[in-house]
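In: structure of the sequence below:
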Amino acid sequence: MNFTFTQDQLDFQDAISSMLRAEVTADSIRARWQNESGVDSAFMQQAHDLGLNSMLIPESLGGLGLTPVDFILLAEACGEVALPEPLVESDADPRRIAERARADAEAEARVARQRRRETAAANVNA
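Out: Numbering: from 1, shown residues only. This next block holds a predicted model:
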């Protein structure tokens, strides 16, 4: 068995580590202490845009569809800079996120069915 990381995984880790080192500095951590939430909203949006908080979610549900091994590399990179945001925690339970995505999809389907019924009823009454 080969237990080494692939070049793609190492490139992923390098890219994430570089971004984190640039964004999570001592000054930026101090700035978090000054705001009410203690979270850098701009950083969290950037992480969300990159898909980091949904990397274990299957692509079919809107995630990146990466593996737990890829997650380990993200967690290591976050620990390296002592990231104070809950990025790793939000990725750690993909089932919860996937369940929420499924519930959202079901709710959207119910709304669409209701709209179709209302349109059909309006056409009958017209």
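
In: could you look up the SS state of the most centrally placed residue in the chain?
Out: For the chain, the residue nearest the mean C-alpha position is Asn53 (2.1 Å; CA atoms, centre = their mean). Following DSSP: H, G, I helix; E, B strand; the rest coil, the label given to Asn53 is helix.

In: I figured it hits Ala47, correct?
Out: Yes. Asn53 is in contact with Ala47 according to CB atoms under 8 Å; the separation is 5.9 Å. C-betas here are computed from N, CA, C, even on glycine.

In: need the residues touching each of the two.
Out: Leu87 (CB atoms under 8 Å, 6 or more residues apart in numbering).

In: worst-scoring helix or strand of this structure, pLDDT-wise?
Out: helix 87-92 (a mean of 63; mean pLDDT, DSSP states H and E).

In: and the host helix or strand of Gln45, which residues are buried?
Out: Assigned by DSSP states H and E, Gln45 belongs to helix 41-50. For helix 41-50, the neighbour count (16 or more other CB atoms under 10 Å) marks 43-44, 47 as buried.

In: between those residues, which is closest to Glu118?
Out: Closest approach between these and Glu118, by CB to CB: Met44, at 37.8 Å.

In: from Arg113, how far off is that closest one?
Out: Met44 sits 34 Å away from Arg113, taking CB to CB, to the nearest Å as the criterion.

In: can you list the domain ranges for this protein.
Out: Using automatic domain parsing, the domain ranges for the chain come out as 1-92, 93-126.

In: ok, Leu74 - how many residues close by?
Out: A count of neighbours around Leu74, defined by other CB atoms under 10 Å, yields 24.

In: so it touches Ile16, yeah?
Out: Yes. Using CB under 8 Å, Leu74 is in contact with Ile16, at 5.9 Å.

In: overlap in contacts, the two.
Out: Leu52.

In: which ones are touching Leu10?
Out: For Leu10, the contact set (CB under 8 Å, 6+ apart) comprises Leu73.
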